[in-house]
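> quick check, what structure comes out for this input:
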Amino acid sequence: RKDVLTFNASRALADAYVYKGMAMEYLKFVSNSEEETGIESIVECYETAGDLGLELLNSISRSTLNLTLSGVLEIALLRSFLLQMSHGMVEKGLNRLRRILQTSDMPGSDTLRLTLSLTLGQVLLQGLPDNQWTPLVTRDTTSDTLTKRARNTPTLKKYETVFCPCNKVEEALLSLLIGQVLLYKEGCVSVHVEDETGYKQANKQAHTLLNMLVSLLAKYSQYRPLSDVIEKFLKYSHDDEHICKQFGLSLISSEQYVRGVAVLQKCHDRKVDVSIALVLAQTYLRHLQRHADAIKICEECLPLAEAPHVRSRVYLYRGVAEAALCRSSRLREDQNLYNKRSIESFQKSYSLDPNCSQTWYHLALRLASVGEIKKAFRFAHKVEASPGVVNMVDVSHLLALVLSAQNKLEEALNMVTLTLINYPDNLNLLITKVMLERQVHGGHSALVTCKEVLLPLLEKLSTTTSKEILDQTYLPYSDQWTSGKFQLTQWSDRVSTHTTASFTGSTIGTLPAESLCESIDSAIGCDQSNWGYQAEVWYTIADVFLSEEMISDAQKCVDEIKQLFPLSHLVSYMNARIRETEGNQKEAEQQYINAVTLTPLHVPSLVALGRLQIELNKPILAEHYLVEATHLKPAEYEAWHYLGVLHQRQGCHQKAADCFLTALRFESSAPVRPYSVLKWKL
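This is a model prediction of the structure:
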């Protein structure tokens with residue numbers, strides 16, 4: 001037939017131009033010539049063959065016959081572009097490739113357009129400087145060589161609306177997304193496993209496209225769309241291990257921690273990978289509070305971690321998990337066991353990598369928690385002196401607490417004051433400053449700090465959610481506020497019982513030992529997260545007012561907390577302290593009982609209730625509450641002190657002496673605030 005003869009003749013002519021260009025390119029390579037005229041002639045041959053090939057594609061799309069192109073025409077379409085790019089004709093080469101993509105949108109050209117899209121994306125991302133990028137041309141021009149020679153060149157497609165990228169990144173992303181669509185079209189990726197060659201080719205293209213999309217989207221922190229893109233790849237990749245890992249990492253980066261951990265755990269179960277294991281352990285510790293799972297992962301990857309710095313990191317993660325289990329354990333035996341294990345893990349990490357400042361910090365924090373103050377100070381000082389420490393506010397805070405444990409309160413206050421110059425809105429540090437000022441300069445000075453610093457900050461928090469403040473501030477123990485389980489009765493887990501060396505009535509109760517929320521789950525929302533910060537500030541101010549016996553002002557602060565968290569055990573606890581200061585012991589006892597009923601593990605309420613039972617001459621109840629407090633928190637020296645008072649009244653002088661000695665031992669190394677207010681951050 002005539003149309004078949006015409007098609008065959010055009011295909012032969014196009015192939016001839018391709019072979020001519022290849023021959024000229026070979027001769028130029030052999031002669032080692034650098035003349036640009038030779039390059040232009042070669043490019044002209046390839047462009048002629050390419051234009052003829054595109055016309056043939058158009059003929060195939062209109063024909064009902066089974067017509068095919070030769071493989072050399074794809075070489076012609078790509079080779080002209082590559083020669084122009086390699087010889088400095090960047091604008092011409094880029095426009096040529098763009099034009100081919102615009103004119104090849106026809107049935108039967110999906111494979112060709114996929115190759116061209118991948119090539120364009122790779123050139124834009126890896127080989128084209130920003131200053132050489134030119135905008136996309138969306139209309140026909142007469143600048144092409146073949147047009148000047150009055151040849152029939154393919155015309156651009158006519159569309160009602162055309163998206164024109166305004167920079168190189170947009171064009172690269174658009175090109176890769178077009179390639180992604182072409183890869184999925186008609187099940188291009190989901191080829192049958194029996195077709196081994198086709199499967200390998202499709203899988204190779206999928207990996208190339210995925211790697212470029214990952215590098216581009218991750219560079220601009222677009223993790224949510226990246227996870228959606230990789231999820232589509234995963235549907236057609238037969239559970240490819242590389243794509244599974246990329247999918248899990250993108251989910252974690254986009255804060256979809258549960259899904260991300262599930263995907264990475266599946267990869268880890270197939271084959272233990274140390275890098276993936278470390279990501280899993282870090283996610284378990286930082287975001288999911290699954291400390292036992294983190295320890296299990298670390299134990300599994302330890303035999304495979306050969307490099308010293310990698311083994312050091314594994315021991316570090318294991319130590320952090322064991323320290324977290326120590327803090328959450330309620331039995332003294334478990335606390336001692338996890339304390340010992342965590343210190344051993346940190347020491348192993350330190351021996352493998354002595355220059356890791358993160359290991360120094362965590363080891364110092366753990367040593368300080370068990371009362372080894374001198375060793376803790378030495379490691380904390382090393383962290384502060386080392387360059388490049390990211391978490392300097394926590395290091396300085398740790399040093400201040402260690403200094404306060406050594407009874408160097410003025411030095412600790414100076415340390416906090418200097419740190420606040422760089423971190424003026426850090427609530428955690430401001431609360432520590434208030435407590436130090438109250439002990440060094442008295443309650444009046446602390447009250448001035450509350451009015452000048454905390455109240456303005458409170459107004460800022462109440463009017464809007466300041467991301468800068470929330471990012472700089474660490475308020476721990478929000479891991480109990482999980483998505484869908486918002487417990488208004490637990491906006492703070494415990495409070496400190498450390499005030500001054502004496503146990504007079506004017507110093508009953510204290511500031512909160514630990515602040516509220518580190519990073520509440522995103523499902524709870526920023527507004528409720530902000531409530532926790534506001535409640536923390538109100539609690540601090542109320543405590544200072546109460547220490548100065550300004551009862552009405554303290555009551556107003558407690559009422560503000562009650563509006564935020566009406567069922568919180570701390571509302572009952574503070575009301576009990578106010579009633580006790582007013583001399584109403586009956587009402588104070590009932591309020592303390594309410595606090596313990598709401599949160600049975602609230603140690604300060606147990607201690608206060610036990611002390612009040614001594615004054616009310618109820619020794620059996622007093623001993624019950626105080627012993628329970630020492631079981632929950634063995635270092636609670638006020639509980640030991642009042643146990644000694646109780647035994648002394650009962651005539652058990654030996655038991656009283658032992659309790660007083662224990663109280664003195666714990667008090668001598670007690671910081672102004674517990675070390676648990678500091679970050680265990682990785």
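> count of residues packed around Y17?
Around Y17 there are 22 other residues, counting by other CB atoms under 10 Å. For the C-beta atoms, the positions are set from N, CA and C on the backbone; glycine is no exception.
> ok, now how distant is the spatially most central residue of the chain from G121?
Centroid-nearest residue in the chain: S253, 6.6 Å away (criterion: CA atoms, centre = their mean). For S253, the distance to G121 (CB to CB, to the nearest Å) stands at 21 Å.
> residues in contact with V43?
V43 makes contacts with 21, 80, 83-84, as judged by CB atoms under 8 Å, 6 or more residues apart in numbering.
> what's the most distant pair in the residues you listed?
Greatest spacing in the contacts of V43, by CB to CB: G21 and Q84 (12.8 Å).
> and those two? which has more neighbours close in?
G21 (26 against 23).
> the more buried one touches I39, doesn't it?
No - the criterion here is CB atoms under 8 Å, and G21 misses it with I39 at 10.7 Å.
> rewinding a little: show me the contacts for the residue nearest to the centre of the chain.
Residues in contact with S253 (CB under 8 Å, 6+ apart) are 218, 223, 226-227.
> do M85 as well
Neighbouring residues of M85 by CB under 8 Å, 6+ apart: 93-94, 123, 127.
> circling back to that earlier point, against Y284, how distant is the residue nearest to the centre of the chain?
Using CB to CB, one gets 16 Å for the distance from S253 to Y284.
> do V274 as well
Applying CB to CB to V274 and Y284 gives a distance of 15 Å.
> what do you get for A49?
Taken as CB to CB, the span from A49 to Y284 is 58 Å.
> which one of the contacts of M85 is nearest L367?
For the contacts of M85, the nearest to L367 is G127 (53.1 Å; CB to CB).
> and for the closest one, the neighbour number?
Per other CB under 10 Å, the neighbour tally for G127 reads 11.
> check which helix or strand the nearest residue to it once chain neighbours are set aside maps to.
Once flanking residues are discounted, G127 sits nearest to M85: 7.0 Å by CB to CB, 6 or more residues apart in numbering. Following DSSP states H and E, one finds M85 within helix 72-86.
> what's the answer for R611, then?
In the assignment (DSSP H and E), R611 maps to helix 603-615.
> by residue count, tell me the biggest helix in this protein.
helix 2-31 (DSSP state H).
> tell me the mean pLDDT for the next helix or strand after it?
Per DSSP H and E, the first helix or strand lying C-terminal to helix 2-31 is helix 36-62. Mean pLDDT, helix 36-62: 72.
> now swap in stretch 337-346 and tell me
91.
> could you do stretch 244-260 as well?
On average, the pLDDT along stretch 244-260 is 90.
> buried residues of that stretch, list them for me.
By neighbour count on 16 or more other CB atoms under 10 Å, the buried set for stretch 244-260 is 244-254, 256-257, 260.
> low-scoring stretches of the stretch 201-350 of the chain, by residue?
Counting by pLDDT under 70, the ranges of the stretch 201-350 of the chain that qualify are 236-239.
> make it 90
Where the stretch 201-350 of the chain drops to pLDDT under 90, the residues are 201-223, 225-246, 254-255, 266-273, 286-289, 300-307, 324, 326-336, 339.
> relative to L116, which of the contacts of V43 is nearest.
Distance to L116 across these (CB to CB) is lowest for S80, with 11.9 Å.
> how about the closest one, nearest residue that isn't a chain neighbour?
S80's closest residue in space is Y46 (CB to CB, 6+ apart), at 3.6 Å.
> the one you found touches L83, doesn't it?
Yes - when contacts are counted by CB under 8 Å, Y46 is listed as touching L83 (7.3 Å).
> between these two, which has more neighbouring residues?
Taking neighbours as other CB under 10 Å, Y46 and L83 compare with Y46 leading, 28 against 18.
> separation between the more buried one and C298?
57 Å.
> for P424, which three-state class applies?
Following DSSP: H, G, I helix; E, B strand; the rest coil, P424 is assigned to coil.
> quick revisit: among the contacts of M85, name the buried ones.
Of these, these count as buried by 16+ other CB under 10 Å: 93-94, 123.
> tell me the helix or strand right after the strand or helix carrying I578.
Counting by DSSP H and E, the element that carries I578 is helix 569-581. Reading on from helix 569-581 to the C-terminus, the next helix or strand found by DSSP H and E is helix 585-598.
> what helices or strands is that next one leaning on?
If you count contacts as 3 or more CB pairs under 8 Å, 6 or more residues apart in numbering; DSSP states H and E, helix 585-598 packs onto helix 569-581, helix 603-615.
> distance from that helix to the middle of the chain?
Mean-position distance between helix 585-598 and its chain equals 41 Å (CA atoms, centre = their mean, to the nearest Å).
> kindly report the same for stretch 642-658.
How far stretch 642-658 lies from its chain's middle: 51 Å, per CA atoms, centre = their mean.
> which residues touch it?
503, 607, 610-611, 614, 619, 622-623, 626-627, 630, 659-660, 663.
> recalculate using a threshold of 6 Å.
With contact meaning CB atoms under 6 Å, 6 or more residues apart in numbering, stretch 642-658 is reached by 610-611, 614, 622-623, 626, 659-660.
> stretch 222-233 now?
Under the criterion CB under 6 Å, 6+ apart, residues 206, 210, 213, 217, 243, 246-247, 250-251, 253-254 lie in contact with stretch 222-233.
> which one of these is nearest to N131?
Proximity of the contacts of stretch 222-233 to N131 (CB to CB) peaks at L217, which lies at 23.4 Å.
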